[in-house]
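[1] I'd like to go over a predicted model; first the sequence, then the structure.
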Amino acid sequence: MLATYRTDRSYDWNYRHGPTFAGRVPAVPATPEKAFLGLPVRSRIGIAAGLLLNSRWVALYARLGFDILTYKTVRAAARRSHPMPNWVFLAGARGGFPRGAAASARTAPRRGAAAAALARTVSLGLPSTAPAVRLRDGARARRALGSGQVLNVSVVASPAPGAPAARMVDEFARLAGLACEAGAQIVEANLSCPNVCSAEGDIYHDAALSGRIARAMKRAAGATPVLLKVGYLPARRRLGRLLEAVAGGADGVVMVNGIPARIERPDGAAAFGRGRASAGVLGRMVHAPSVAQVRSAAALVRELGLPLAVIGVGGVATPGDAGDFFAAGAQAVMLGSAPMYDPLLAVRIKRAHPEW
């Protein structure tokens, strides 16, 4: 089956022409209604920020049975994608993860569901169309959803070099308010992107700033739940400080947003070219450390009595992979890039585990 996102084409091409789904949409198993952040859903299985480029993408994956659908990140101003290449497969990481060791990229094309289980990496740079365009289309995405499905809109600030933190906080809040006006049922702040070269990529390392953003977004969002997407924090103490700082503003945290590493060709050159030596690794290679962080976060939430949901993401390519996150204490599981190659994964998960 051809990937729904054509990795041999640019981001702009995929935005205009995708998704390239040529299969038949099967009957989606009927599943009992559950609650996620107080919202009724048919499953707690969703798509993370990244794959759903616009309302056409949201509509397809809603029909394919994913029930928590994250509309790709909205900025306060348009931003172009990084030039190609944007996606490569990985043969492995020397030294393994989660040590941030250099990884060796394998560029041989892969097709079909087997590709969904492989390690891979993406370097897009969090592109966005103008917010007015994005949010009008987000309203169309909301209308495309069925009963028991919810639209989560991802937002990110675009700080200028040297801009004060207060400006970033205000921008996150303004975008949260705009997303709610456009029909978002959940708003998610992207506080971690290993594929940008500016300050918005590692906000989650600053617990106090993350807390300010969470509270400002909550004031703007009102009753709409607020999520924060964060990156890899293996140190339990640092993770605990982050969770305590955002509790009371955010309703939940989504983790882990890829693990950054240097991405190299077999000859040692940067796979994505000059200035893009590092990118976030996805897929099988990051599954175990992502599950471990979710387990640690869920335990901290219980121990500290924090009003936070923990949502798992990282390397889910089978129903068993999703089960690892639920067993670790996740309230929901989001899939990143695997549904590109295996669009029927939600159907199989629902058949195996209608209780999720």
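    Perfect, thanks for sending it. Keep in mind it's a predicted model, so treat the numbers as computed, not measured. Numbering: from 1, shown residues only.
[2] make it CA atoms for all contacts and neighbour counts henceforth
    Will do.
[3] Contacts only, for the closest residue to S81 other than its chain neighbours.
    In space, S81 comes closest to P127 once its chain neighbours are excluded; the distance is 4.7 Å by Cα to Cα, 6 or more residues apart in numbering. Contact analysis of P127 by Cα atoms under 8 Å, 6 or more residues apart in numbering lists T73, A78, R79, R80, S81, H82.
[4] now do R236
    By Cα under 8 Å, 6+ apart, the contact list for R236 reads S296.
[5] Look up how far G305 lies from it.
    16 Å (Cα to Cα, to the nearest Å).
[6] one step back: do you know the pLDDT at the residue nearest to S81?
    Looking at P127, its pLDDT stands at 92.
[7] now Y341
    The confidence metric pLDDT takes the value 90 at Y341.
[8] how much space between A220 and L242?
    Separation of A220 from L242 (Cα to Cα): 21 Å.
[9] Only C-alpha atoms, please: export stretch 145-159 in PDB.
    Taking C-alpha atoms only, stretch 145-159 is exported to PDB below (Å, rounded to 0.1, in the frame of the first residue of the first chain):
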ATOM      1  CA  LEU A 145     -15.700  14.400  12.300                       C
ATOM      2  CA  GLY A 146     -18.300  11.900  13.300                       C
ATOM      3  CA  SER A 147     -19.900  11.000  16.600                       C
ATOM      4  CA  GLY A 148     -17.400  10.100  19.300                       C
ATOM      5  CA  GLN A 149     -14.500  11.900  17.600                       C
ATOM      6  CA  VAL A 150     -12.700  15.100  18.700                       C
ATOM      7  CA  LEU A 151     -10.500  17.700  17.100                       C
ATOM      8  CA  ASN A 152      -7.300  18.700  18.900                       C
ATOM      9  CA  VAL A 153      -5.600  21.700  17.400                       C
ATOM     10  CA  SER A 154      -1.800  22.000  17.900                       C
ATOM     11  CA  VAL A 155      -0.400  25.500  18.200                       C
ATOM     12  CA  VAL A 156       3.200  26.900  18.600                       C
ATOM     13  CA  ALA A 157       4.600  30.400  19.200                       C
ATOM     14  CA  SER A 158       7.200  31.700  16.800                       C
ATOM     15  CA  PRO A 159       9.600  33.800  18.900                       C
END
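[10] buried stuff in it?
    Neighbour counts over stretch 145-159 (16 or more other Cα atoms under 10 Å) mark 145, 148-159 as buried.
[11] G46 pairs with what?
    Here G46 sits in beta bridges with I68, M334, going by DSSP bridges.
[12] for it, what are its contacts?
    By Cα under 8 Å, 6+ apart, the contact set of G46 is F66, D67, I68, L69, T70, A332, V333, M334, L335.
[13] From A189, how far out is D206?
    Going from D206 to A189 by Cα to Cα gives 14 Å.
[14] I'd like the next helix or strand past the longest helix anywhere in the chain.
    For the chain, the longest helix by residue count, based on DSSP state H, is helix 284-304. Using DSSP states H and E, the next helix or strand after helix 284-304 towards the C-terminus is strand 309-313.
[15] What strands line up against that following strand, and which way round?
    Here strand 309-313 has these sheet partners by DSSP bridges: strand 252-255 (parallel), strand 332-335 (parallel).
[16] what distance separates the helix or strand that the last one is followed by from the centre of its chain?
    Heading C-terminal from strand 332-335, the first helix or strand you meet, by DSSP H and E, is helix 338-341. Between the centre of helix 338-341 and the centre of its chain there are 13 Å (Cα atoms, centre = their mean, to the nearest Å).
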